[in-house]
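# sequence first, predicted model second:
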Amino acid sequence: MRRKAQKQDVQKKVYHTDRFYQPITTPKIETINSNYKEVLESLQKEVSILNSYVEINQAVFYVPKEDVCKTLEILKSMKYNIMSEMSAIDNLASDGTFELFYQLTSHEKSHKDRRRLRVKCALKENEAMPSVSGIFACANWSERECYDMFGIKFLNHPFLKRILMPIDWVGNPLLKTYPLKGDEFASWYEVDKIFGREYRDVVGPEQRDSARIDRNDSINFSRIGKEVPKGATPSDMVHEISYQEANKPPILQKFPNTQPKVREKRV
């Protein structure tokens, strides 16, 4: 984060210190003074509420990880019977924990002004979390994804197995310590799997840079107006592009193709 400096009269100076934009946070109100008062009072009778507030008409309840299952059972009995999302946030660098959240919704008419709420808890690194798949069946897949992407284990899960990445994948892609373009293992995974390690020097590592542009690649790189047949040598000869909108009403825009622009890199 850049230093938050005053920006008064910056145009009168030859330079100024820029800073990242800090949006105004949405107001939070106390749960006891909101439409979720009844929900809060019901939960406080059974579980420990570490913190709670209402933000944009959504209640947020922080509970100990041991009370998550009990909290969800109570909320489900109160007709919050839809779990639309469950995942985690990697806060290991800041406080050494994961923040798990469970998003619940109710479509009951009596819940018109209090339909959405979220249950949160903190989980230390290498700690296991009780599975809630027995309470909300959809948590089965959400917990598998959380295990796959963050490496968080869920006790008593019926089938805790990777769901997005291959079974033999090394690492958890949504950890903030995981490289954006993958690690050394990721760069050779498909080459080793398809051809074998002995072909690494022949095939080369996988290309995982989404911003990479290769103008000489006539197969994978789009060169509008300069297309050539598959495998042919790239050409700079521009040929006319026909659009299906050519004979349609003038309300449809026709893009000019007489002077195409070629970008060396993405903006």
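It's in. Numbers count the residues shown, from 1 in each chain.

# mind checking how far residue 209 is from residue 235?
Using Cβ to Cβ, to the nearest Å, we find residue 209 at a distance of 25 Å from residue 235. All C-beta spots, glycine's among them, are computed from the backbone N, C-alpha and C.

# okay, the two: which has more neighbours?
Set side by side, residue 209 and residue 235 show more neighbours around residue 235, with 12 against 8, by other Cβ atoms under 10 Å.

# and the nearest residue in space to that one that is not next to it in sequence, how many neighbours?
Taking Cβ to Cβ, 6 or more residues apart in numbering, and ignoring the residues beside it in sequence, residue 235 has residue 228 as its nearest neighbour in space, at 5.4 Å. By the other Cβ under 10 Å criterion, the neighbourhood of residue 228 contains 14 residues.

# correct me if wrong, but residue 228 is in a helix.
No - with the criterion set as DSSP: H, G, I helix; E, B strand; the rest coil, the secondary structure at residue 228 is coil rather than a helix.

# in this protein, where is pLDDT below threshold?
Judged by pLDDT under 70, the chain has its weakly predicted residues at 1-21, 218, 241-257, 267.

# let's see 90
Scanning the chain for pLDDT under 90 picks out 1-25, 179-187, 203-267.

# mind listing the helices for it?
All helices of the chain, identified by DSSP state H, fall at 37-44, 68-77, 92-95, 139-150, 184-194, 200-203.

# quick check: angle from the fourth one to helix 68-77?
Looking back up the chat, that one is helix 139-150. Orientation note: helix 139-150 sits at an angle of 140 degrees relative to helix 68-77 (axes from the mean of the first three to the mean of the last three Cα atoms, to 10 degrees).

# check the fifth one too.
Orientation of helix 184-194 against helix 68-77 (the same axes, to 10 degrees) gives an angle of 80 degrees.

# check which helices and strands helix 184-194 is in contact with.
Contact here means 3 or more Cβ pairs under 8 Å, 6 or more residues apart in numbering; DSSP states H and E; on that basis helix 184-194 packs against helix 200-203.

# can I get the helix it packs on as CSV, trimmed to CA atoms?
Coordinates of the C-alpha atoms in helix 200-203 are reproduced here as CSV (Å, rounded to 0.1, in the frame of the first residue of the first chain):
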residue,chain,number,x,y,z
ARG,A,200,11.0,-32.3,-21.7
ASP,A,201,13.9,-31.1,-23.8
VAL,A,202,12.0,-31.9,-27.0
VAL,A,203,8.6,-30.3,-26.1
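
# what does that helix rub up against?
Defining contact as Cβ atoms under 8 Å, 6 or more residues apart in numbering, one finds that helix 200-203 is touched by 188, 191-192, 195.

# next up, the contacts around residue 171.
Applying Cβ under 8 Å, 6+ apart, one finds that residue 171 lies in contact with 178, 183, 185-186.

# one more time with 6 Å
Residue 171 makes contact with residue 178, according to Cβ atoms under 6 Å, 6 or more residues apart in numbering.

# and the residue most central in space within the chain, how close does it get to residue 182?
Most central residue of the chain, judged by C-alpha distance to the mean C-alpha position with Cα atoms, centre = their mean, is residue 174 at 8.1 Å. Counting by Cβ to Cβ, the gap between residue 174 and residue 182 amounts to 13 Å.
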